[in-house]
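Asks: Could you look at this predicted model? Sequence included:
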Amino acid sequence: MLRNKLVGMGVALITPFKKDGSIDFDALGKLVDYQIDNNTDYLVVCGTTSEYPTLTQEEREQITRFVVAKNNGRIPIVVGIGGHNTERVKNRIASYDYTGIDAVLSVVPYYNKPSQEGLYQHFKALATATEMPIILYNVPSRTGTNLAANTTLRLAHEFGNIVAVKEASGNFRQIDEIIKNKPQNFMVISGDDGITFPLITLGAVGVISVIGNAFPKEFSRMVRMALRGDLVGAREIHYRFTELMELLFVDGNPAGVKSALAEMGLIENVLRLPLVPTTIATKEKISKIMKDIKLISQ
């Protein structure tokens, strides 16, 4: 059952690059194993954290197929397919090779700022183009447009293959309204590490995480504890990570988490322009907090 596959901590995989800017597939393979070996529940490929806008279409396909092959069916995989041209996104979703893929994550159209009716019609077009499960992705800080609760609920009630929303609006009233009025099997997934704990207490089923790239074991433990009602234990882990979660986004995503992964020796600290690595000051702060977290975890 798909619902069980998307409960817990999904990780929005970064794309590791070599110093010359090419994709480091050796590092990517190690990251996939690192996630699976440390209790990540599912992987999200070609999402925002992958530096998706700077990847060519060929690179996106290469990354997806590589991760599918490396995963070899061990945990579920969600692929990001979105954009602001409805016809183009619809055609890609309709013709995509879903071998090894369990669901699609599709972001709210960005830049052209559609109305709520436009958003409804966009996702209706996607839902009717495929039988694959679709996760709506609402991140107004990036897209410039908020997917309102009534639009999310309208889509959730009308289309059986729209199965979840990744909510990164930070609007608790909006998210609470969705959780309260959604169909029984529709899932609300946190799109923000920092508010995952409180959202689970409201009824969210987990998170698609950035920090999980570096700390899958620790953060997935927090998510699982919260889901089973151990709120005291989950809150303790939540507070342990709050400062780091803020630092990871100070200089943009995925600059922060790439700094952490480089500190761990898992990747080169390379991003593609217009993104650049964190400042030295941020890097030093991240390094110090990571050492403190490691000491606490031992």
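Replies: Perfect, I can see it now.
Asks: any idea how far the residue nearest to residue 122 when sequence neighbours are not counted lies from residue 108?
Replies: Once flanking residues are discounted, residue 122 sits nearest to residue 86: 4.9 Å by C-beta to C-beta, 6 or more residues apart in numbering. Every C-beta, even on glycine, is put in place using the N, C-alpha and C of the backbone. Distance of residue 86 to residue 108, computed by C-beta to C-beta, to the nearest Å: 12 Å.
Asks: who has more neighbours, those two?
Replies: Using other C-beta atoms under 10 Å as the criterion, residue 86 and residue 108 rank with residue 108 on top: 25 against 18.
Asks: Looking at the nearest residue to residue 139 once chain neighbours are set aside now. What's its pLDDT?
Replies: Counting by C-beta to C-beta, 6+ apart, residue 139 lies nearest to residue 168, which is 4.1 Å off, once chain neighbours are set aside. Listed pLDDT for residue 168 reads 98.
Asks: so how many other residues sit close to residue 168?
Replies: 24.
Asks: hang on, isn't residue 206 packed against residue 6?
Replies: Yes. Using C-beta atoms under 8 Å, residue 206 is in contact with residue 6, at 7.2 Å.
Asks: tell me, what's touching these two both at once?
Replies: 41, 189 (C-beta atoms under 8 Å, 6 or more residues apart in numbering).
Asks: Show me where the chain has its strands.
Replies: For the chain, the strands defined by DSSP state E cover 8-12, 42-45, 77-80, 103-107, 134-138, 162-167, 187-190, 206-209.
Asks: May I see these arranged in JSON lines, with mean neighbour count and distance to residue 93 as well?
Replies: Output for the strands of the chain, formatted as JSON lines (neighbours: other C-beta atoms under 10 Å; distance: least, C-beta to C-beta, whole Å):
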{"stretch": "strand 8-12", "mean neighbour count": "27", "distance to residue 93": "19"}
{"stretch": "strand 42-45", "mean neighbour count": "25", "distance to residue 93": "15"}
{"stretch": "strand 77-80", "mean neighbour count": "24", "distance to residue 93": "10"}
{"stretch": "strand 103-107", "mean neighbour count": "24", "distance to residue 93": "6"}
{"stretch": "strand 134-138", "mean neighbour count": "25", "distance to residue 93": "8"}
{"stretch": "strand 162-167", "mean neighbour count": "26", "distance to residue 93": "12"}
{"stretch": "strand 187-190", "mean neighbour count": "24", "distance to residue 93": "19"}
{"stretch": "strand 206-209", "mean neighbour count": "29", "distance to residue 93": "19"}
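Asks: Of the ones you listed, which is nearest residue 288?
Replies: Nearest to residue 288, of all those, is strand 206-209, at 21.7 Å by C-beta to C-beta.
Asks: just for this structure, where's the confidence low?
Replies: Residue ranges of the chain with pLDDT under 70: 1, 294-298.
Asks: Apply 90 and report the result again.
Replies: Within the chain, the stretches with pLDDT under 90 are 1-5, 290-298.
Asks: And the helices in it?
Replies: Using DSSP state H, the helices of the chain run over 2-5, 25-37, 57-71, 86-95, 116-127, 140-143, 149-158, 172-181, 196-202, 216-227, 231-247, 255-263, 280-297.
Asks: Kindly export the third one (C-alpha atoms) in CSV.
Replies: Listed in CSV are the C-alpha atoms of helix 57-71, where the atom choice follows Å, rounded to 0.1, in the frame of the first residue of the first chain:
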residue,chain,number,x,y,z
GLN,A,57,17.3,16.8,-19.0
GLU,A,58,19.8,14.1,-19.8
GLU,A,59,21.5,14.5,-16.4
ARG,A,60,18.1,14.2,-14.7
GLU,A,61,17.4,11.0,-16.5
GLN,A,62,20.9,9.7,-15.7
ILE,A,63,20.6,10.5,-12.0
THR,A,64,17.1,8.9,-11.8
ARG,A,65,18.1,5.7,-13.5
PHE,A,66,21.3,5.5,-11.5
VAL,A,67,19.5,5.8,-8.2
VAL,A,68,16.8,3.3,-9.2
ALA,A,69,19.5,0.8,-10.2
LYS,A,70,21.5,1.4,-7.0
ASN,A,71,18.5,1.2,-4.8
